[in-house]
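> I'd like to go over a predicted model; first the sequence, then the structure.
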Amino acid sequence: MTNTKPRDVQAIYIAAETFALRSRSWNRLRFEIEYALEKGTTANSFLIQGTLPALIDPPGGTFTEIYLDELRSRINILDINYVILGHVNQNRIDTLKALLKINNRITFICTNAGAIALRQSLENIKIQVVRGEETLDLGKGHILKFIPTSTPRHPDELCTYDSKTQILYTDKFFGAHICGDQVFDEGWSHLLGDRRYYFDSTMANQVRQVEAALDKLTDFPAVFYAPGHGPMVKYGLHELINLYRQWSEAQKQQNISVALLFASAYGNTTTIANALARGITKAGVAVELINCESAEPEEIKTAIEKSSGFLIGSPTLAGHLPTQVQTALGIVLSTATKSYQAGVFGSYGWSGEAVDIISGKLKDAGYTLAFEPIRIKFTPTEATLQVCEETGTDFAQTLKQSKKVRTTLNPGSTVEQAVGRIVGSLCVLTIQRGEISTAMLASWVAQATFNPPGLTIAVAKDRAIESYLYEGDRFVLNILEQGKQLRKHFMKKFAPGEDRFTDIQVESAEGGVILPDGLAYLECRVSQRMECGDHWMLYAIVENGKLLQSNGLTAIHYRKTASSY
């Protein structure tokens, strides 16, 4: 259930003359794909009280008043000289306006891309643009060094290093969307699931830029990293850096890639792009995210040449495509062969012609669209984000099928046939979260413990449902009865966003739905989650359940080969 605990700001002294002001929200969030675990979030801001005080990354507008109240208890806002911005986005503007209303002498420090975005929202402001060689002496020994770390999603990304405290402020890098009292990462290994999900959602589609950023950041001897979201990284610092490199390298090793080109006016098309990218990477296909607003033509051409398919996303501006998207589309048409799989998406406010323009030009040029163009009005909802993620997964699977990618090295071998003889109960795992309800057919299920009663379930990484099966999540496991028709219903392929329960009798339960026509059901909670090759292995505690058909027999799934279900 949604946590109704109010927002607050947690102020913590973390180093000499340095405070962390952590704006916390326990509410479930899903306005971006990286928030899908719905564990709330912490927006981290920092106050350095040098002779010339500076703020780093004030939070979004939902925290403005309580943030300023907490800030006033630490410093006279009139004394603040600098506000350093790791990136500029619209939800931060309200807080910046409130600060300027109190102190219009503030100088903003950001990259050139950040300065352009800032001037679109704020007038008559002082901006100091940094390009990577500059330092800023705040006094009392706090000499700041700036590290531009541009990515397609955040072209204005900027990290900051304080040579006195040896704190590296990493903004979007090394974060996690979780909310709680923990300031540092004691017991760091239990946070890895959240950090991995954050990486997969925000970094896995731009690993070239991530690796370039890592090369820059590791030149600075940091005591700990202070990211924009979640606990600060101290105890697991070196392990997390190595994992970022491992996860990035794993993406580069994929033998199929998708070029995902986009531009965005208000961030909504970016949100759609990220959901599509998340779905693609889940299916074991690499994504090269290309922001047309900052990418060079040669970069776009190279990404298309390396890819096996492409997606193009655009907002609609006065009934037309942005110039950058027009340029990118021209490069695509002159570079991509007609056999490429293609897709189109975009957001709009009133008319939405951009998606139709791109679709029309691709069709006229002889390309086949792998899915119906995605057109989303205004801000994507939780349901539409799920549809986008599932569409991305389907797109990736289509590419793998066309490339004849196999799941095993020796199909038909005696080992594969032997493994295939392992049988399991046929079940339907169901999830219900707000307006989202979904299900999957499962046969890799086994009892694991007597006390507490527990079981294991293997869930393929490309399953749409896996995003709802993290530690603490609840679900219902419906065990099917031999000879019943429920199996046939759930064996069919569902389109992205399609209702899995059409014409099926269901009853609501904690975390999922019960199928009364099944043999039995178990209400479960995920206790542990482990990455195992192309699947996630879940260990779940059974919290409730019931036998529905006392004389029925469990449906069993028999296989001849281990290369498929």
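The structure has been received and is ready for your questions. Numbering: from 1, shown residues only.
> show me the strands in the stretch 451-565 of the chain, by range?
With strands called from DSSP state E, counting those that start in this stretch, the stretch 451-565 of the chain shows them at 454-460, 474-479, 507-509, 512-514, 520-532, 535-547, 556-557.
> dump those strands to CSV, plus distance to residue 339, mean neighbour count and mean pLDDT.
For glycine as for every other residue, the C-beta is placed from the backbone atoms N, C-alpha and C. As requested, these are exported to CSV (distance: least, Cβ to Cβ, whole Å; neighbours: other Cβ atoms under 10 Å; pLDDT from 0 to 100):
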stretch, distance to residue 339, mean neighbour count, mean pLDDT
strand 454-460, 27, 19, 96
strand 474-479, 40, 25, 97
strand 507-509, 46, 13, 94
strand 512-514, 41, 24, 96
strand 520-532, 34, 18, 95
strand 535-547, 31, 17, 96
strand 556-557, 36, 15, 88
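> mind putting those strands into a markdown table with distance to residue 419?
Formatted as a markdown table, the strands of the stretch 451-565 of the chain follow (distance: least, Cβ to Cβ, whole Å):
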| stretch | distance to residue 419 |
| --- | --- |
| strand 454-460 | 13 |
| strand 474-479 | 23 |
| strand 507-509 | 34 |
| strand 512-514 | 30 |
| strand 520-532 | 14 |
| strand 535-547 | 14 |
| strand 556-557 | 14 |
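> residue 313 is nearest to which of these?
strand 454-460 (26.6 Å; Cβ to Cβ).
> that closest one - contacts with which helices or strands?
Applying 3 or more Cβ pairs under 8 Å, 6 or more residues apart in numbering; DSSP states H and E, one finds that strand 454-460 makes contact with strand 436-442, strand 445-449, strand 520-532, strand 535-547.
> counting contacts, what elements does the third one pack onto?
In this structure, strand 520-532 packs against strand 454-460, strand 474-479, strand 535-547, with contacts taken as 3+ Cβ pairs under 8 Å, 6+ apart.
> do the same with the shortest one
Where contact means 3+ Cβ pairs under 8 Å, 6+ apart, strand 445-449 is packed against strand 424-425, strand 454-460.
> ok, which of those comes nearest residue 281?
Nearest to residue 281 among those is strand 454-460 (13.7 Å), distances taken as Cβ to Cβ.
> with adjacent residues omitted, what lies nearest to residue 262?
Distances taken as Cβ to Cβ, 6 or more residues apart in numbering put residue 313 closest to residue 262, at 3.8 Å, once the chain neighbours are dropped.
> return the residues in contact with that neighbour.
Shown in contact with residue 313 (Cβ atoms under 8 Å, 6 or more residues apart in numbering): 260, 261, 262, 263, 264, 269, 272, 273, 276, 344, 345, 346.
> okay, and which of those residues map to helices?
Secondary structure from DSSP state H places 269, 272, 273, 276 of the contacts of residue 313 in helices.
> for residue 426, state which of those residues is nearest.
residue 276 (31.6 Å).
> find the centremost residue of the chain, please.
residue 201 (2.3 Å; Cα atoms, centre = their mean).
> measure that one to residue 320 for me?
Relative to residue 320, residue 201 is positioned 31 Å away (Cβ to Cβ, to the nearest Å).
> over to residue 473?
43 Å.
> which one of those two has more residues nearby?
Using other Cβ atoms under 10 Å as the criterion, residue 473 and residue 320 rank with residue 473 on top: 20 against 13.
> so the more buried one makes contact with residue 525?
Yes: here residue 473 lies in contact with residue 525, judged by Cβ atoms under 8 Å, at a distance of 7.3 Å.
> worst-scoring helix or strand of this structure, pLDDT-wise?
Using mean pLDDT, DSSP states H and E, helix 414-420 stands out as the lowest-scoring helix or strand of the chain, at a mean of 82.
> distance between that helix and the chain's centre?
Distance of helix 414-420 from its chain centroid, counting by Cα atoms, centre = their mean, to the nearest Å, is 36 Å.
> which positions within it qualify as buried?
Neighbour counts over helix 414-420 (16 or more other Cβ atoms under 10 Å) mark residue 416 as buried.
> could you number the chain from 47 rather than 1 from now on?
Sure, I'll start counting at 47 from here, so that last one is helix 460-466.
> pop the domain breakdown of the chain in here.
When the chain is parsed with automatic domain parsing, its domains come out as 54-296, 300-448, 460-603.
> now those in TSV, with distance to residue 610?
Below are the domains of the chain laid out as TSV (distance: least, Cβ to Cβ, whole Å):
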stretch	distance to residue 610
domain 54-296	23
domain 300-448	13
domain 460-603	9
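> for residue 121, give me phi and psi.
Dihedral pair for residue 121: phi -160, psi 150, per degrees, to the nearest 10.
> the longest helix seen in the chain relative to strand 482-488, how many degrees between them?
Secondary structure of the chain per DSSP H: the longest helix is helix 428-448. Orientation note: helix 428-448 sits at an angle of 30 degrees relative to strand 482-488 (axes from the mean of the first three to the mean of the last three Cα atoms, to 10 degrees).
> C-alpha coordinates for helix 428-448, CSV please?
Taking C-alpha atoms only, helix 428-448 is exported to CSV below (Å, rounded to 0.1, in the frame of the first residue of the first chain):
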residue,chain,number,x,y,z
GLU,A,428,2.3,4.2,-14.8
ALA,A,429,0.3,2.1,-17.2
THR,A,430,1.7,3.7,-20.3
LEU,A,431,5.2,3.3,-19.0
GLN,A,432,4.6,-0.4,-18.5
VAL,A,433,3.2,-0.7,-22.1
CYS,A,434,6.4,1.1,-23.4
GLU,A,435,8.6,-1.3,-21.4
GLU,A,436,6.8,-4.3,-22.7
THR,A,437,6.9,-2.9,-26.3
GLY,A,438,10.7,-2.5,-25.9
THR,A,439,11.0,-6.1,-24.8
ASP,A,440,8.9,-7.4,-27.7
PHE,A,441,11.0,-5.3,-30.1
ALA,A,442,14.2,-6.8,-28.8
GLN,A,443,12.8,-10.4,-29.0
THR,A,444,11.8,-9.7,-32.6
LEU,A,445,15.4,-8.7,-33.4
LYS,A,446,16.8,-11.8,-31.7
GLN,A,447,14.4,-14.0,-33.7
SER,A,448,15.4,-12.4,-37.0
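> flag the least confident of the contacts of residue 359.
Confidence by pLDDT is poorest for residue 310 among the contacts of residue 359, given 92.
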